[in-house]
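Student: The sequence and its predicted three-dimensional model are supplied below.
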Amino acid sequence: MTAIRRTALTLALTLTAVLGSAGSTAPAQASFSDSASRSTTIAAALVTAPGNVVGSLACGRNSATMGATWGLSSSPRVSGYVVTVYFSDGFVQVVELGPTATSWSAPIAPYYVTAFSIEYTVTTKTDYGWFTESARTGSFQC
């Protein structure tokens, strides 16, 4: 007898749940409205290349010295300069310097500057990751 009562009770509860939810089939509705207005101005910063980049090559019988000079960039937050030496055979030499450097020189074996010509550029680097490379100098060869 208890099994019959349990079955009847379960059937009654199931019918109540099904019929009760069938009577309320209207979907829920909600409405939201909001608006905001904001004007933003973004100024593009421009990193200027170093000014007056001048390359040099001093050739001696048993030695040679390559070098470059330049004027400081007017960009804010300069973190350094990169001197790049381009050899006519495709080799590229890169030298990193500090934010106040305005010149660089280094010895080089005479063979490399008699067999190949070289050109220089100087790149301004900033602490926020932007950079600009100068135009190449004229070509130098011993």
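Tutor: Looks like it came in fine. Numbers count the residues shown, from 1 in each chain.

Student: quick one, what contacts residue 49?
Tutor: 73, 122-124, 132-135 (Cβ atoms under 8 Å, 6 or more residues apart in numbering). From N, CA and C alone the C-beta is placed, and that goes for glycine too.

Student: Look up phi and psi at it.
Tutor: With angles defined as degrees, to the nearest 10, residue 49 sits at phi -70, psi 160.

Student: Any idea how far apart the tips of stretch 93-101 sit?
Tutor: Its first and final residues considered, stretch 93-101 spans 18 Å by Cα to Cα, to the nearest Å.

Student: Now do that stretch: distance to the chain's middle.
Tutor: In terms of Cα atoms, centre = their mean, to the nearest Å, the centre of stretch 93-101 is set 19 Å apart from its chain centre.

Student: That one: which residues count as buried?
Tutor: residue 101 (16 or more other Cβ atoms under 10 Å).

Student: again, but for stretch 101-115
Tutor: 101, 104, 108, 112-113.

Student: my read: residue 47 touches residue 134, true?
Tutor: No - between residue 47 and residue 134 there is no contact under Cβ atoms under 8 Å: 11.4 Å.

Student: Can you tell me which of the buried residues of stretch 101-115 comes closest to residue 63?
Tutor: residue 108 (8.4 Å; Cβ to Cβ).

Student: Surely that closest one is in contact with residue 67?
Tutor: No - contact criterion Cβ under 8 Å: residue 108 and residue 67 do not qualify, at 10.1 Å.

Student: Can you add secondary structure and pLDDT and give the buried residues of stretch 101-115 back as CSV?
Tutor: Shown next, in CSV, are the buried residues of stretch 101-115 (DSSP: H, G, I helix; E, B strand; the rest coil; pLDDT from 0 to 100):
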residue, secondary structure, pLDDT
101, coil, 96
104, strand, 97
108, strand, 94
112, helix, 88
113, helix, 91
